[in-house]
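In: I need the structure of the sequence given here:
(chains A and B)
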There are 2 protein chains.
Amino acid sequence: MPHTPTGGQPGEQSWLIRRTAEDLDRLGETESIFALGNGWVGWRGTLDEGAPYGMPGSYLNGFHEQRELSYPEDGYAFPQCSDTVVSAPNAALVRLYVDGEPLDLRTGTIRRHERVLDLRAGVVRRDTEWVAPGGPAVRVRSTRLVSLPRRPVAAVEYQVEPVDGPVDIRVCSDLLANERVPERSDDPRAASVIHDPLDAETRRADGVAGLLVHQTPRSAQRVAVAVTHLVEAPEGLATDPELTPDRFRLAVSGPLRPGQRLRLTKFAAYECAHVDGTPAHELADLVTAEAADALAAGFATLLDEQRAALDAAWATADVEMDGDPELQQAVRFAVFHLLQSGRADGDRTIPAKGLTGNGYDGHVLWDTEGYVLPVLTYLAPGLARSALRWRHAHLPEARERAAELRLAGATFPWRTIGGRECSGYWPAATAGLHVNADIADAVLRYVAATGDAEFLAEAGVELLVETARLWHRFGHWSDTGVFHLPGVTGPDEYSALVDDNLFTNLMARRNLRGAADATERHPDAAGRLRVDPAEIAGWRAAADAMFVPYDRKRGVHQQAAGFTEQPEWDFADTGEDDYPLLLHFPYLELYRRQVVKQADLVLAMLRCPGGFTADEKARNVAYYEARTVRDSSLSAAPQAVLAAEVGHLDLAYDLFAETALQDLADLGDKTADGLHLASLAGAWLVVAQGFGGLRDDRGVLSFDPRLPRRITRLAFSLRWHGQRLRITLTPDQARYELPDAGPETAVELWHHGERLRVTGADAVTRAMPPVPDPGPEPASPPGRRPARRGAG
Amino acid sequence: MPHTPTGGQPGEQSWLIRRTAEDLDRLGETESIFALGNGWVGWRGTLDEGAPYGMPGSYLNGFHEQRELSYPEDGYAFPQCSDTVVSAPNAALVRLYVDGEPLDLRTGTIRRHERVLDLRAGVVRRDTEWVAPGGPAVRVRSTRLVSLPRRPVAAVEYQVEPVDGPVDIRVCSDLLANERVPERSDDPRAASVIHDPLDAETRRADGVAGLLVHQTPRSAQRVAVAVTHLVEAPEGLATDPELTPDRFRLAVSGPLRPGQRLRLTKFAAYECAHVDGTPAHELADLVTAEAADALAAGFATLLDEQRAALDAAWATADVEMDGDPELQQAVRFAVFHLLQSGRADGDRTIPAKGLTGNGYDGHVLWDTEGYVLPVLTYLAPGLARSALRWRHAHLPEARERAAELRLAGATFPWRTIGGRECSGYWPAATAGLHVNADIADAVLRYVAATGDAEFLAEAGVELLVETARLWHRFGHWSDTGVFHLPGVTGPDEYSALVDDNLFTNLMARRNLRGAADATERHPDAAGRLRVDPAEIAGWRAAADAMFVPYDRKRGVHQQAAGFTEQPEWDFADTGEDDYPLLLHFPYLELYRRQVVKQADLVLAMLRCPGGFTADEKARNVAYYEARTVRDSSLSAAPQAVLAAEVGHLDLAYDLFAETALQDLADLGDKTADGLHLASLAGAWLVVAQGFGGLRDDRGVLSFDPRLPRRITRLAFSLRWHGQRLRITLTPDQARYELPDAGPETAVELWHHGERLRVTGADAVTRAMPPVPDPGPEPASPPGRRPARRGAG
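Out: Numbers count the residues shown, from 1 in each chain, chains lettered A, B, ... in the order given. Purely as a prediction, here's the structure:
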C-alpha cells in the first residue's frame, strides 16, 4: 500500500529542509543536516564545488585509520591507539569554472541559491544562479543521492547553463582522495584529524570512468571508489580525463550559449575491505562494475528506486503531528536520518554521528543501543538487527578486553570503530560498564518486538550470556546478601566511579534475568556457551539481590549510593557562561556534587519502569530535574518522556522541542561535527514513549497516551512481530489499528491499564483519560529550563 | 663538641658504602647511591670517565625545563605542560686515554676497582687499576665532593699513574652541556627525557678555566657553570683548553713513567636564575669567581670543611644501633642522604628523589612534607624551614590553582618543580588534596619543635590559613551537622575519588585547628590575611564536626567511607608476578576493592595518634595489614611504626629493614632513577617513632620506647627548641640526656606516660616496661610479608 502523507501545501513543507544564501555562514551545520547516506556510504552535504566548506566528509561505515594515544601518566590497559574516521575518496565534487573563474559563492554575486533536502525523495537538490566576478552568469542545478537500495552507489546529476550570455565553462567532476580537512578545535568532544590518511595503491582511467584504490597504513584497510559519467552536452564541448595518485578528474569544457545546457551525471561506487581481504584488483573490478550498473540503470531509475524505498520506510516510520509545523518537520527530519543511518543487510552498526560527520572521531558509543536501536527496533527492525550483529561480530575483542581488565565474559568498548576500546579517559568511559547492559537491553527489546528466534539463537543468547557473566563476576555480595556493583560510572558524566549507580544496577538486573530466560529457552545455545543451571541460578540470585539505592529521608531514589548526601551544586554562583560546566569546572568539583549532566536516574525510570511506583517517579522527576543541567544532548528526551509520564506535559513538550531541534536549530553549536543521532532518536522516543506512553520492558506493548496541549492529532506506527500497528491520538481518543494486516491477524496491547486486542479487521478506539493535575512544574536549575514554545 | 662515633673497625664499615667491579652491572643503582649533593648542586655517582653509565645527571635544585602534556581526552584544568628536571652542564667528567685507548671498564682488564662513599668525609673515593686493551696499565684514583658549606661548589681530584711501564696519557677534564641520556622505560613512574634541553648562550676559556652559560628555551632558566683546574704534572705534559658551545675541555697529555703521577683537581661552581633575573655576564662572573675561590682554598681545605660540616651534622643526626651491622650502615646511609638533600640557606625544597636522579621527572611530591621534613625538623631544622619557605614562595601559584579549580584558599600541586601543578592523571594526583594538610602539618611540627616564631609570623600562618580556607570551602555540612570531605584521593593510590578519606579528614582537622590557633596567637598576621573571628570559628566548627568513618560491625576505622564494605581483593588468584598490581590490573579493579597500595589509615594513626584508642589501633593494624600490598616504598615505614606501637616488634623490625634497605639493596629495582628519600626518611622515623615511640602531634615530646629483640642498644638524638636531646635505649632502660646543654637548660618530655624533666645537669634514666603480648602477628597478604631478618 503506497504511503500517502496527509497535509496539503503547508504540510508539504514539512518534508523539505531548505537552506539559502543566508545560511552560507553556517556551512558546517548545513553539511551535517544535508548529509545523505545509506548506512554504508555517507556524503556530507558539501557544496558540489567543494568550497567553501565547513568540514568535507565522505565516509564508509567502519572505514577508519588508527592513531596513537599518549598519556602524561600511562596506566594498565589504557588503550594505546584509537580508531579515527577518515574520509574515503570524495566522489561528490563537481567544480565549475566560468570564463576561467571558479564558481565560489564567496566571490561574484549570488542571484539565487537554495538547497533542499527532500525527505521523501531522499535527495539534496540545489539551485544556484551566480554571476562570476567578470560578469558572466550561470545557473547551476544539481541533485545528489546516496542510493538506499544500492549499497555501494551514490550519484550526482549536475547541470549548468548560461543565463545572460555565452560563457566558456569548464566542469571538473572529481574523485579526490586525501581531501584537505581543517584543523579542529580543542574541544574534547570534537575529532582528531589525520592529514593525508590514505596511501595510493591503484588507479585507472578509462574514458569517462575512473578509479582510485587507497590504503590506510595503520588500520590496513583498503578502499576502492569508481566513478563513471553520463555527459549530455551540446557539440563543441571537449571531455578530458586526468588521473593522478589521489585524483581522477573528468573535465568537460567549451562554450555554452544561452539555451544550451551541460548535464553531467556521475555514478560512484564505494567498497572497502581489510588489505588481507579482497585484493585490490578484485575490489577495483567490483566498484567499476557497480558504478557501470548504476550508469546503465540511469539517474531517473535511481531516483525512482530511492523514492520507492523511502515510501516503504515512511509507511511505518512517519509521524503525523498537527499543531506545530516546525516540530512536525523536525520529527520527520529526525526519522529520515535514522532511516538512512543503517542497513538491514550485513553487520554494520551506527556511529553516534551516523555517517554525517567526524565528531567523536566517528566512534560508536552507547548512543546506538541506548537511543537509536530502541527506535529502529520499531521502525526498521532489520537495521537494529544489523547493528546487534555487529556487536556480536566483535565479541572476540570484547572477551579479550574483559580478560585484559581481569573481568569475566565480555566487556564492550565505550567508544570504538573497529571493535577495540578507544577511550582515553577511563573514569568517564571504560568504567561506564552499563554499555554492556545497554547492548543486552537492545537484544531483549529487539527479540521481544520481532520474535526473531533465529537472531536470538545465533547471536542474541551469546551477547546476553557474556554480558551477564561480566556482571556476575563484577558484582559483590555484601555480608547481608545484597548484590552490589561498586566502582562504575553511570550515564551521567558529571559523576564517575560511583557505587551502585541505579541505572547500571537495574539494567544489569535486566541483563542477568534476560540471559537466564534466554538460556533456559535455548538449551542448545546455552550448551555451546557452557552455561549450566548453577550459572543461571547465580545470575537470578544476583538479579534478585541487586541493590537499589534509595533515600528514605528524602523519599527519592539515589542516582548512586550516597548521591543525595553529596554537596549540592552552587547554582547561585554559576553564571550563564559557565555552561557546559565541564568546560569551566574541574571534574574534582563536578563529580562530588549533586549536579547531573544528563538524565541518569530518569533514564533508569524509562528503561526499567517497573522498578518504581508512580509516586516515586513523580518525586524522582522533581528531585533530579532540579539538578540536571542538560549539558548533554542525550538528556532532553528521557527527561521529556518522564515529565510526560508524571503529567508535566508542558515541560515534556519543551524538552521534546529541544531534542527534536537539537540539530535543525543547532542548539548545541555542535551540529557541524555531525548529527546527534541519539537526539534525533529522542524525538521519536518522546512521541512514542512520552506522548504515546509506549513501554516495552516486559515484552508486551503498553500505551498510556497523553497529548500535549498544542498537539491536536498525533499519529505514528510501529512494527510488532511483523505487523504495522498504527496509533492515532487526539485529545479525546486513542485509536489502534493494523492497517496492513489481514482480518485474522491480531496484536495484544494495553491502553492505560486495559488489555486490548487489535485485529486486521477491527481497529480499537478508546477514550483518553484526563491527565491528573500533577501540581506545580518541577524547578529546573536556574536558567536551564528548556525554552518555552508557547501555545503555538 | 666533636662527634665521636662508637665502634672500632667493624663499626667503621658502617660509615662506608663500597662498590667494586662486581657491581658494574648495576651502574644506575650505584650512581644514585653514590650521588653527592648539598641541596643546591647534585652530582650522580657516575664514573669519572662518564662511560659506561646508567643515567648521567648533574642537577641544580629547581633547574628544569618544561614539556607539553597532551591528553587523549582533555579536560578542564588539566595541566598543559609539565616541569621536567634536566641536567645542568656536567663538570664531574674526567676522561682518560692510555696510549690512545679510552679508559672504559667494559674493555681491557680490571685489576682492581673500588669506589667508596664515605658518610663522614662526605666524598666518593675511587681506586681503579686497569690494563688497557693494548697492554699498558694505569692506576686511577679520584676523590669527588659536592661542598656542603660552599653552596655552588663541587670538585674532583683525579690522579693517574702508570703501573707496569711508561704510558702516554691524555686526561680530558670536561664541562659538558647536553650530555647524552638514554631513553627511558614505559614505566609511568620513570622520567620523561628531553634531549639537548639547553641552548648555548655564552662561553669562555681562559687557560685552565672555562665557562658555559646555557638557557632552557621553555622554562627560560639560565645556568652558568665555571670550572678551573690545578694541574700537578711532571714536565713534558702539555695542557690544552678547547671550547665549543656545549663543552669546555682541559686536556693534559704526554708521557708518564712509573713513579710519575698526574694529579688534576677540578673546581666547579654552579648558579642558575631566571633569564629575566641575573644577566648572563653577571652569572658568568659569579661562578668564575666562586670556582676561583675554591681553587684558592685548595682541595684539602674543601675536604676539611666538608668533614667539619658533617661532624656537626652527625652530632645530632647519628643513630647508633648495636646488633645489626647491615641496618646500622643502612640507617647512616639514609641519614647522610637526608642531610645532603637540603640547605638551611635560601628557600629551596627537596624533590622526591632529592638531587640523586630524574625519577618522577625530578618532581616535588608530598613525600617531602610527609616523610622527609618530619625527620629534618628534628635533625636539621634549618633544612625543613627552607623547604617550607619554598612552599610559601609558591603560594601565588597555589592560590591561582585554587581559583582555577573553583576552590578557595590555596591548592598546592601534587607534583611540580616550578610551583604549578604537573600531574597528568588527576584522580590519583590533583585529587590528593591531603598534600595541603601535609604542608600544614609540617609547619605545625616545625614550629612546635623549634619555637621559630619568626617563621610562623612570616610564612607559617599564611600557609596554615590558606590551606584551612581550602578545607573549609571544600567540605560539606550534612543535614545532621557533620562535616564531610567528599570526592578526594587519600595517600593510598589503589583508591581514588573517595568520600571522607580518614587520613585526609584527620589531617584537615589538624590543619583547621592549627590555623585557628595560629591566627589567634598572631593577630597581626591574621589581620594581614583578613581572617576574622567568624572565619576562625568556622574552622573550629568544621574541625569539631569532622566525620571519622568507622565500621561498628567490624570494629575498625574505614580508610574512607564505605571502604570496609567494598569487595575484597582476590589474593588467591593473584600471582607473585602480578605485583606491583598497578602494572597488571586496571584501576577499575584496584579502586573498588579493599586492596591498599600503601599505608593510608595506618599513616593516619601515626600522624594523628590521639584519634584512636590502643585497641582500635591494634584492630586497625591487623585489618589493614591483611590488605596492604606495599606496592609503594612509602608504606613500610608507617606500617613499621604502628606495628611497633601495637607490640608486633618482629614485624616492625622486618618492615624497618625494608624501608632502610629500599635503595642500598634496591628492593624495588627503581633505585637507578634516584633514591627514595621518603624511604630513607622512613628508616629514621622507624627508629625514633617506632622503636623510640616518639610522638609529637600535641606539641609535646613523648616517648614510648620498645626495642626489637635484635637490637641491644639504640641511641639517637633530636633537636627540641635548640637543644640536642639524646635518647639511649637498651633492653632494660631508656636514658634521656641533653649532652650539649648547660645545667640550667631543661626539656620536658613523657616516657611511657610519665612526665620527665631532663636538664643539662641531669640525665634521666627509666626502666623499659615489658612489651605486652599482642597476640599472633597480623597476617599480611599472601607472599607480601616483608622478608624475615631472623635473630641476627
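
In: Now do the contacts for the residue of the stretch 1-150 of chain A at minimum distance from chain B.
Out: Residue of the stretch 1-150 of chain A nearest chain B, by Cβ to the nearest Cβ: residue A:72 (2.2 Å). C-betas here are computed from N, CA, C, even on glycine. Contact partners of residue A:72, counting by Cβ atoms under 8 Å, 6 or more residues apart in numbering or on different chains, are B:69-71, B:79, B:82, B:423-425.

In: quick one: the strands in the stretch 151-300 of chain A?
Out: A:153-162, A:167-176, A:199-206, A:209-215, A:221-232, A:238-244, A:247-256, A:262-274 (DSSP state E, counting those that start in this stretch).

In: Count the neighbours of residue A:402 for me.
Out: 22 (other Cβ atoms under 10 Å in any protein chain shown).

In: Now it. Nearest residue, chain neighbours left out?
Out: residue A:411 (4.2 Å; Cβ to Cβ, 6 or more residues apart in numbering or on different chains).

In: go on, residue A:569?
Out: residue A:595 (3.7 Å).

In: Quick check: the one you found vs residue A:567, distance?
Out: The spacing between residue A:595 and residue A:567, counted by Cβ to Cβ, to the nearest Å, is 9 Å.

In: Any regions of chain A where pLDDT drops low?
Out: A:1-10, A:183-192, A:791-792 (pLDDT under 70).

In: Break it into its domains for me.
Out: A:9-313, A:318-703 (automatic domain parsing).

In: Point out the most buried one among those domains.
Out: A comparison of the domains of chain A by mean neighbour count, using mean count of other Cβ atoms under 10 Å in any protein chain shown, puts domain A:318-703 on top with a mean of 23.

In: From the opening residue of that domain to its closing one, how far?
Out: Domain A:318-703 has its terminal residues 18 Å apart, counting by Cα to Cα, to the nearest Å.

In: What about chain A: which of the contacts of residue A:72 touch it?
Out: B:69-71, B:79, B:82, B:423-425 (Cβ under 8 Å from any Cβ of the partner chain).

In: which residues sit in contact with the nearest residue to residue A:560 once chain neighbours are set aside?
Out: Counting by Cβ to Cβ, 6+ apart, residue A:560 lies nearest to residue A:498, which is 3.6 Å off, once chain neighbours are set aside. Listed by Cβ under 8 Å, 6+ apart, the contact set of residue A:498 reads A:487-490, A:559-563.

In: cutoff 7 Å now
Out: Residues counted as contacts of residue A:498 (Cβ atoms under 7 Å, 6 or more residues apart in numbering or on different chains) are A:488-490, A:560.

In: How much space separates the residue nearest to residue A:402 from residue A:398?
Out: Distance from residue A:411 to residue A:398, by Cβ to Cβ: 6 Å.

In: Please name the residues that touch the closest residue to chain B within the stretch 201-350 of chain A.
Out: Across the stretch 201-350 of chain A, the shortest distance to chain B (Cβ to the nearest Cβ) belongs to residue A:218, at 15.9 Å. Counting by Cβ under 7 Å, 6+ apart, residue A:218 touches A:65-66.

In: how about the strands of the stretch 151-300 of chain A, which one is nearest residue A:143?
Out: Minimum separation from residue A:143 across the strands of the stretch 151-300 of chain A (Cβ to Cβ) falls at strand A:153-162, 4.7 Å.

In: Note down every partner strand of the closest one and its orientation.
Out: strand A:137-146 (antiparallel), strand A:262-274 (antiparallel) (DSSP bridges).

In: Redo those strands as TSV? Include distance to residue B:644.
Out: Output for the strands paired with strand A:153-162, formatted as TSV (distance: least, Cβ to Cβ, whole Å):
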stretch	distance to residue B:644
strand A:137-146	75
strand A:262-274	63
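
In: out of the ones you listed, which comes closest to residue B:50?
Out: strand A:262-274 (50.5 Å).

In: That closest one to strand A:247-256, inter-axis angle?
Out: 180 degrees (axes from the mean of the first three to the mean of the last three Cα atoms, to 10 degrees).

In: now the angle from strand A:262-274 to strand A:167-176?
Out: 10 degrees.

In: Excluding chain neighbours, what is closest to the residue in the stretch 351-500 of chain A positioned nearest to chain B?
Out: Minimum separation of the stretch 351-500 of chain A from chain B (Cβ to the nearest Cβ) falls at residue A:424, amounting to 2.2 Å. For residue A:424, ignoring the flanking residues on the chain, the nearest one in space by Cβ to Cβ, 6+ apart is residue B:72 at 2.2 Å.

In: what do you get for residue A:364?
Out: The nearest residue in space to residue A:364 (Cβ to Cβ, 6+ apart) is residue A:351, at 4.9 Å.

In: No more questions from me, cheers.
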